[in-house]
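Colleague: Here is my input; please provide its structure:
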Amino acid sequence: MQRRQFCLGALGAGLMLPHIAAQADETYPRYPVRVIVPYAAGGGPDIMMRQFGPKLGATLGQSVIVENKVGAGGVLAAQYVAQSPADGYTVLLGSNSHLIQKALQPNLKFDPINDFVPVTLIGTSPSVLVVAAESPYRTVQDLIAAVKARPGKMNYGSGGIGSAAHLGGATFVSLLGLNAVHVPFKGSVEIPISLLRGDTDFAFTIAGTAIPQVRSGKLRALAVTSQVPLDELPGVPPLNDILHNDLTIQEFWFGFWLPRKSPATAVDTLYRATTAALKDPSVISMFASIGVHVVRSDSPQAFAKFVRAESAKWTQIIKLAGITAD
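Modeller: I've put the predicted structure just below:
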């Protein structure tokens, strides 16, 4: 994972004046930039982008328009942007879900590695291994022992095949050789409900959903999938500290991608404007409120390297767990 610390962007992005684009190329951006969000309006990523958009527009020197294109686990939005003009004015809010969908469905008509130019990471959000607060399991070791004692009798919930919760749970049981049943729901919002009803025994819930439920006393957090502990969940250990396998380090991330062959000046300008806007304390606070940590890439090239490494990692996880799109 790239540095969580707030790195210095190229050319001292944090010290630049609002109309940052003028220092790179006076012709870009000449008109509003669209950011295509592959998630439904009102969800965490949509809220994040709509609140971040005005801040980005201020540093970019143009309005940022957020558009939702939902469907097929983010595939429709990715295909749309991949086929858009490579002029820097159509941006995809990309994520590891695009890498996961491609690994699950190799015949998809887009390639997250070759069809886009990575610009920068903007944020990450790990999952939290949770059980109901009334559950007898107080540690990861307790849960492991229970699953081993009842092979095929315990289950874990997810928001569907290929979701963060599915991959977290599948990695957990596969690495330990456990026999637990995967219970996919139509969406991640159903996971806490199923845990509280006792329909599912445990789940790897995205931090933005898990943290409020843990704080309210409805769920108990046993571990986090980040490399380091979360400030929001003191005392909850990283799962990697227990299982000692880097495949357990799983963070859902967001970043900006442009269509392949986009002008270098557009990539550079968007990179510097984005990393500058991400330093705004109000942006950091807003991201944190939905369980997302601000992360800025050291350069577009560094983000490209990160994306390639993530692609290899999620492909390995999917093969390990024997997950298919069916």
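
Colleague: what residues are up against residue 220?
Modeller: 130, 131, 132, 133, 135, 137, 138, 214 (C-beta atoms under 8 Å, 6 or more residues apart in numbering). For glycine as for every other residue, the C-beta is placed from the backbone atoms N, C-alpha and C.

Colleague: and it, that's in a helix?
Modeller: No: the assignment for residue 220 (DSSP: H, G, I helix; E, B strand; the rest coil) gives strand, which keeps it out of a helix.

Colleague: Check the gap between it and residue 203 for me.
Modeller: 12 Å (C-beta to C-beta, to the nearest Å).

Colleague: Common neighbours of the two, please.
Modeller: residue 130.

Colleague: ranges for the helices of this protein?
Modeller: For the chain, the helices defined by DSSP state H occupy 44-60, 75-82, 96-104, 140-149, 164-176, 190-197, 207-215, 239-243, 264-277, 281-289, 300-321.

Colleague: Looking at these, spot the one closest to residue 116.
Modeller: When the helices of the chain are compared by C-beta to C-beta, helix 75-82 sits nearest residue 116, at 6.7 Å.

Colleague: Tell me what angle the closest one forms with helix 96-104.
Modeller: 100 degrees (axes from the mean of the first three to the mean of the last three C-alpha atoms, to 10 degrees).

Colleague: Helix 75-82: which residues count as buried?
Modeller: Neighbour counts over helix 75-82 (16 or more other C-beta atoms under 10 Å) mark 75, 77, 78, 79, 80, 81, 82 as buried.

Colleague: Equivalent analysis for stretch 90-106, please.
Modeller: 90-104.

Colleague: Nearest to residue 237 among the residues you listed?
Modeller: For the buried residues of stretch 90-106, the nearest to residue 237 is residue 96 (22.9 Å; C-beta to C-beta).

Colleague: check contacts around the closest one.
Modeller: 252, 253, 310, 314.

Colleague: again, but for residue 55
Modeller: Residue 55 neighbours (C-beta under 8 Å, 6+ apart): 277, 280, 282, 283.

Colleague: what's the nearest residue to it if we skip its chain neighbours?
Modeller: Nearest residue to residue 55 in three dimensions, chain neighbours excluded: residue 277, at 4.5 Å (C-beta to C-beta, 6 or more residues apart in numbering).
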